[in-house]
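Asker: my questions are about this predicted structure, shown below with the sequence.
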Amino acid sequence: MQAVILAAGLGNRLKPLTLQTPKCLIEVNGTPILFNSLDLLQSSGVERVVIVTGHLGSLVKSRVGDSWKGMPIVYVDNPDYAKTNNIYSLWLARDYFDRDSVLMECDLYFDKALVERLMSADAENVALVDQFRPYMDGTVVSVDKRGMIDRMILAKDQDETFNYSDKFKTVNIYRFSKKFLSEAFLPSLELYVRTLKRDQYYELILTVLVYMGHDALRAVSMSGVRWMEVDDFSDLQRAEILFLDKKQLYARVNHIHGGYWRYSFQDHAYLYNLHFPPHELFNELSLNQKTLLGQYPSAQKDLVELLSPWAEIPADRLAIGNGASELIALIKKYVVRKIGIPYPTFNEYETGLEPDRIHPIDCMKKDHSIDPDRYVRSVIKGGCNVALLINPNNPTSVFTPPDRVRSILEGLKDLDMFLLDESFIDFVSPDAENSLAGELGRYPNLVILKSLSKNLGTPGLRLGYIASANTKIITEIRRHIPIWNINSMAEYFLEILTKYRAEFRESCRQVMKDRDHFYQCLLSIPELEPVKPSANFVFAGLKEGLLSWDLKKRLFMDAGILIKDCSNKTGLGSGSSVRLAVRTKPESDRFTKALMETIGGMRNGKK
């Protein structure tokens with residue numbers, strides 16, 4: 001058995017990396033793609049490798065040499081690599097197809113399990129395939145009930161209406177018998193190269209052979225096997241993430257603030273509604289995405305008109321932001337001289353502020369609830385012009401009832417702004433009126449902030465708003481918002497949102513059910529001291545002997561679950577507490593089981 005690796009291409013989609021380095025030598029986590037392939041081929045017993053070179057071929061030869069760990073390497077040069085494609089590179093290597101052969105491209109990074117499945121497949125001729133995923137492109141196949149490929153569809157034949165649901169992506173690794181090569185593949189290759197253009201892909205030959213009824217190619221699934229075709233920078237990033245070991249993956253995830261779709265773990269760190277939006281809303285967005293991506297969004301005046309019916313607040317009392325974080329930043333920059341903050345809190349409110357512009361409000365009871373009188377006295381004593389209250393609080397998930405909030409407002413009438421963050425208010429209870437949004441007219445200095453990502457389950461759309469009867473504050477904030485701070489997809493989301501109010505309310509009820517179940521699960525773990533939650537997350541203290549950062553790391557390494565370590569929260573003991581996002585009941589059950597196993601391992605001193 002030999003392997004033929006096609007490595008002549010320019011790698012245009014990886015420029016400027018490929019200006020000085022051939023594509024096959026681009027590194028994934030420090031290992032050149034070709035080196036990984038050669039290692040795994042050599043360990044599987046491949047007797048010879050033929051490499052077709054072109055662009056920067058001399059570098060490939062100097063880095064690889066004439067053998068690889070005792071496995072002979074043969075080179076075939078494609079001098080016309082800039083004008084031809086892999087069908088011509090393959091034709092140049094035709095004299096070496098004198099035995100059973102693996103045919104593959106040079107830009108594939110994969111695990112040993114891939115080679116094992118390739119070599120052990122019970123068929124003469126094998127094509128490796130995998131479930132199609134949205135980031136993939138290139139040739140796809142359909143497979144009959146026997147596992148044989150009955151159709152191959154090239155990329156050029158896949159239009160915008162093409163159905164991928166029952167198709168498989170080719171991995172671009174094949175194993176062919178000498179008989180198939182000599183009797184079917186090579187004669188067709190010769191015909192195409194001599195009579196047609198040389199800038200085609202060799203899959204064209206396989207497509208025609210399958211179309212003509214050549215029943216010889218078995219599809220072997222790579223389900224559960226790590227592999228990546230590295231064509232461009234997004235592929236390279238995915239490959240580097242995919243092939244990180246757990247320790248490397250944890251280090252990377254621990255220093256990012258999103259983009260979790262690239263990773264495979266259960267997220268109990270970020271906070272959002274898993275039961276909204278409904279499928280119907282997603283479908284509306286999907287059907288209109290082409291139009292929306294090609295159009296500019298509106299500015300504030302029109303955006304707040306769309307938001308007003310949903311928020312049930314007059315448009316002139318609203319300003320909408322690219323997430324609540326944009327609005328928080330503007331308030332800190334243009335309103336805050338000194339802000340009173342009860343700790344612990346959401347870090348965004350203190351980030352970037354000089355210490356002398358922050359006044360810690362001493363008002364928390366042992367159960368993490370707010371004492372209104374102490375709150376008011378502390379703010380006045382601290383000389384603040386702005387005071388903050390997150391309700392329910394983040395990270396404690398403790399709710400301050402409306403009468404206590406009103407008591408604070410009455411005591412701070414002279415303040416420039418009382419900033420009330422109600423991002424989690426919809427999860428408190430299904431029946432009571434917990435928000436003060438309907439009382440803005442009573443309190444001129446009241447500004448309500450709300451992150452729509454938290455309750456609407458759309459953190460990727462980046463939507464948030466502030467509301468106040470004080471139009472001077474609203475006008476000042478709007479004045480500093482960029483004209484296009486919200487994208488068209490987010491704007492259309494607001495446009496259609498009011499149709500789904502009943503579904504939203506039901507989603508909140510489901511979150512509450514999930515939360516209550518999760519809380520009961522956590523109560524069963526002796527090492528945790530969970531606080532009764534009012535939001536879509538649970539705050540839990542750790543009993544002596546457990547450290548939050550250690551638990552976070554161990555849980556990720558052991559079970560692929562990410563939690564929030566609250567060590568960076570002012571007012572909490574270092575290593576003493578965690579915040580756990582509510583997910584679905586099955587996920588909570590899995591979490592509970594994994595957490596108990598991890599804590600058990602920590603108690604027993606297992607590494």
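Answerer: On my side now, so go ahead.
Asker: contact partners for the residue nearest to Gln158 when sequence neighbours are not counted?
Answerer: With sequence-adjacent residues excluded and distances taken as CB to CB, 6 or more residues apart in numbering, Gln158 is closest to Val140, at 7.0 Å. To be clear about C-beta, it is placed using only N, CA and C from the backbone, and glycine gets the same treatment. Contacts for Val140 (CB atoms under 8 Å, 6 or more residues apart in numbering) come out as 132, 152-153, 158, 164, 167-170.
Asker: per-residue pLDDT of Gly605, please?
Answerer: The confidence metric pLDDT takes the value 69 at Gly605.
Asker: whoops, I mixed them up, Tyr343
Answerer: Reading off the model, Tyr343 has pLDDT 93.
Asker: tell me, how many residues neighbour it?
Answerer: 16 (other CB atoms under 10 Å).
Asker: that one contacts Thr396, correct?
Answerer: No. At 10.1 Å, Tyr343 does not count as touching Thr396 under the criterion of CB atoms under 8 Å.
Asker: tell me what the residue nearest to Gln158 is bridged to.
Answerer: Ile153, Lys169 (DSSP bridges).
Asker: how close does it sit to His480?
Answerer: In this view, Val140 and His480 are 49 Å apart by CB to CB, to the nearest Å.
Asker: would you check the contacts of Val140 and say which has the weakest pLDDT?
Answerer: Lowest pLDDT of these: Met152, 81.
Asker: show me what contacts that residue?
Answerer: Here Met152 is in contact with 139-141, 170, 203, 206-207, 210-211 (CB under 8 Å, 6+ apart).
Asker: need the contacts of Val140 in CSV (columns: distance to Met228).
Answerer: Output for the contacts of Val140, formatted as CSV (distance: CB to CB, whole Å):
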residue, distance to Met228
Phe132, 14
Met152, 21
Ile153, 21
Gln158, 20
Tyr164, 18
Lys167, 19
Phe168, 16
Lys169, 11
Thr170, 14
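Asker: so for this protein, which residue is the most central one in space?
Answerer: Central residue of the chain (CA atoms, centre = their mean): Trp261, 1.9 Å from the mean position.
Asker: did I read that right, that residue in a helix?
Answerer: Yes. Trp261 sits within a helix when classified using DSSP: H, G, I helix; E, B strand; the rest coil.
Asker: from Ala269, how far off is it?
Answerer: Distance check for Trp261 against Ala269: by CB to CB, it reads 14 Å.
Asker: Val210 too?
Answerer: As judged by CB to CB, Val210 and Ala269 stand 47 Å apart.
Asker: and Ser369, by the same measure?
Answerer: Look at Ser369 and Ala269: by CB to CB, they are 25 Å apart.
Asker: what about the two, which has more around it?
Answerer: The neighbour comparison of Ser369 against Ala269 (other CB under 10 Å) goes to Ala269, with 20 against 17.
Asker: next up, the contacts around that one.
Answerer: With the criterion set at CB under 8 Å, 6+ apart, Ala269 makes contact with 562-564, 579, 581.
Asker: need the distance between the two termini of stretch 65-80.
Answerer: 23 Å (CA to CA, to the nearest Å).
Asker: same thing with stretch 17-27?
Answerer: Calculated as CA to CA, the first-to-last residue distance of stretch 17-27 is 10 Å.
Asker: next, the buried residues of it.
Answerer: Neighbour counts over stretch 17-27 (16 or more other CB atoms under 10 Å) mark 17-18, 21-27 as buried.
Asker: helices - which of those land there?
Answerer: Residues of the buried residues of stretch 17-27 located in helices (DSSP state H): 17-18.
Asker: ok so, going back, roughly how far apart are the residue nearest to the centre of the chain and Arg238?
Answerer: 10 Å.
Asker: and what of Asp362?
Answerer: From Asp362 over to Arg238 (counting by CB to CB), the distance is 48 Å.
Asker: when those two are compared, which one has more neighbours?
Answerer: Neighbour comparison, Asp362 and Arg238: the larger count goes to Arg238, with 19 against 16 (by other CB under 10 Å).
Asker: let's verify that one: helix, strand, or coil?
Answerer: Here Arg238 is recorded as helix under three-state DSSP.
Asker: quick check: nearest residue in space to it, chain neighbours excluded?
Answerer: For Arg238, ignoring the flanking residues on the chain, the nearest one in space by CB to CB, 6+ apart is Met228 at 5.8 Å.
Asker: isn't Gly11 up against Leu19?
Answerer: No. With contact defined as CB under 8 Å, Gly11 does not count as touching Leu19 (9.1 Å).
Asker: ok, back up a step: closest one of the contacts of Val140 to Lys593?
Answerer: In terms of CB to CB, no member of the contacts of Val140 lies closer to Lys593 than Phe132, at 32.6 Å.
Asker: test my guess that the closest one contacts Asp166.
Answerer: No. Using CB under 8 Å, Phe132 makes no contact with Asp166, being 9.2 Å away.
Asker: helices and strands around the strand or helix carrying Ile328, which ones?
Answerer: Ile328 is part of helix 324-334, with elements assigned from DSSP states H and E. Under the contact criterion of 3 or more CB pairs under 8 Å, 6 or more residues apart in numbering; DSSP states H and E, helix 324-334 touches strand 318-322, strand 417-421, strand 446-451, strand 463-467, helix 471-479.
Asker: got the buried residues for that helix?
Answerer: Quick answer for helix 324-334 (16+ other CB under 10 Å): 324-332.
Asker: what about dumping the CA coordinates of it to PDB?
Answerer: Extracted C-alpha coordinates of helix 324-334, given in PDB (Å, rounded to 0.1, in the frame of the first residue of the first chain):
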ATOM      1  CA  ALA A 324     -26.400  46.600  27.100                       C
ATOM      2  CA  SER A 325     -22.600  46.900  27.200                       C
ATOM      3  CA  GLU A 326     -22.600  49.700  24.700                       C
ATOM      4  CA  LEU A 327     -25.000  51.700  26.800                       C
ATOM      5  CA  ILE A 328     -23.200  51.000  30.000                       C
ATOM      6  CA  ALA A 329     -20.000  52.300  28.500                       C
ATOM      7  CA  LEU A 330     -21.800  55.500  27.400                       C
ATOM      8  CA  ILE A 331     -23.300  56.100  30.800                       C
ATOM      9  CA  LYS A 332     -19.900  55.700  32.500                       C
ATOM     10  CA  LYS A 333     -18.300  58.100  30.000                       C
ATOM     11  CA  TYR A 334     -20.900  60.800  29.800                       C
END
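Asker: still on that earlier bit, can you lay out the helices and strands packed on helix 324-334 as CSV showing mean pLDDT?
Answerer: Below are the helices and strands packed on helix 324-334 laid out as CSV (pLDDT from 0 to 100):
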stretch, mean pLDDT
strand 318-322, 97
strand 417-421, 98
strand 446-451, 98
strand 463-467, 98
helix 471-479, 94
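Asker: that older thread, which two in the buried residues of helix 324-334 are spaced the farthest apart?
Answerer: Ala324 and Lys332 (12.3 Å).
Asker: so where do the helices sit in the stretch 501-607 of the chain?
Answerer: 501-523, 548-559, 585-603 (DSSP state H, counting those that start in this stretch).
Asker: break this protein into its domains for me.
Answerer: If you go by automatic domain parsing, the domain ranges for the chain are 2-239, 249-274+503-603, 279-499.
Asker: return the residues in contact with the residue nearest to Arg238.
Answerer: 28, 108-110, 235, 238-239, 242-243.
Asker: so which of the residues you listed are in strands?
Answerer: Mapping those onto strands (DSSP state E) picks out 28, 108-110.
Asker: beta partners of the residue nearest to Arg238?
Answerer: Residues in beta-bridge contact with Met228 (DSSP bridges): Tyr109.
Asker: can you read off the pLDDT for it?
Answerer: 94.
Asker: nice, that's everything, thank you.
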